[in-house]
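Q: coordinates only, sequence not included:
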């Protein structure tokens, strides 16, 4: 099993940047795919980005392509989400999630992820 803890959220002005971290416990974290999802006020949880167990494959939602970058450091058991050019519509609680059920490839479907963090709030002011 793996436990996940997100950090790095906060309040930022539109156009600003934040870097979220997802710290994991568990000896086999390097074999897990990791995804970031977000849930805005009154909205359903939505896919943001994902990275495969090796870091060799990354996937992004169209709404964040070119602005967000996902990366991982398996030695540090941490996955990062660098968020640039933030917009008010990026305001949400951001969750990281981990899976091996899809061979650690980092799918976009939240149902493929059995392990979730508690979330971190990101608020972008206009």
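A: Structure received. The shown structure was predicted, so the numbers you read here are calculated from the model rather than taken from an experiment. Residues are numbered from 1 along each chain as shown.
Q: Show me where the chain has its strands.
A: With DSSP state E as the criterion, the chain has strands at 3-7, 10-13, 18-25, 33-39, 46-51, 58-60, 68-73, 78-83, 92-99, 115-116, 120-125.
Q: would you list those strands in CSV and tack on distance to residue 108?
A: C-beta coordinates here come from the backbone N, C-alpha and C atoms, glycine included. Below are the strands of the chain laid out as CSV (distance: least, Cβ to Cβ, whole Å):
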stretch, distance to residue 108
strand 3-7, 18
strand 10-13, 26
strand 18-25, 17
strand 33-39, 7
strand 46-51, 5
strand 58-60, 6
strand 68-73, 12
strand 78-83, 15
strand 92-99, 11
strand 115-116, 15
strand 120-125, 20
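Q: tell me the contacts of residue 57?
A: 51, 105-106 (Cβ atoms under 8 Å, 6 or more residues apart in numbering).
Q: so who does the residue nearest the centre of the chain touch?
A: Closest to where the C-alpha atoms of the chain average out (Cα atoms, centre = their mean) is residue 36, at 2.3 Å. By Cβ under 8 Å, 6+ apart, the contact list for residue 36 reads 20, 22, 48-50, 70, 79, 81, 94-97.
Q: tell me which of these is nearest to residue 87?
A: residue 48 (13.1 Å; Cβ to Cβ).
Q: Take the strands of the chain and write them to JSON lines, including mean pLDDT.
A: Converted to JSON lines, the strands of the chain look like this (pLDDT from 0 to 100):
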{"stretch": "strand 3-7", "mean pLDDT": "97"}
{"stretch": "strand 10-13", "mean pLDDT": "98"}
{"stretch": "strand 18-25", "mean pLDDT": "97"}
{"stretch": "strand 33-39", "mean pLDDT": "97"}
{"stretch": "strand 46-51", "mean pLDDT": "97"}
{"stretch": "strand 58-60", "mean pLDDT": "96"}
{"stretch": "strand 68-73", "mean pLDDT": "98"}
{"stretch": "strand 78-83", "mean pLDDT": "98"}
{"stretch": "strand 92-99", "mean pLDDT": "97"}
{"stretch": "strand 115-116", "mean pLDDT": "96"}
{"stretch": "strand 120-125", "mean pLDDT": "98"}
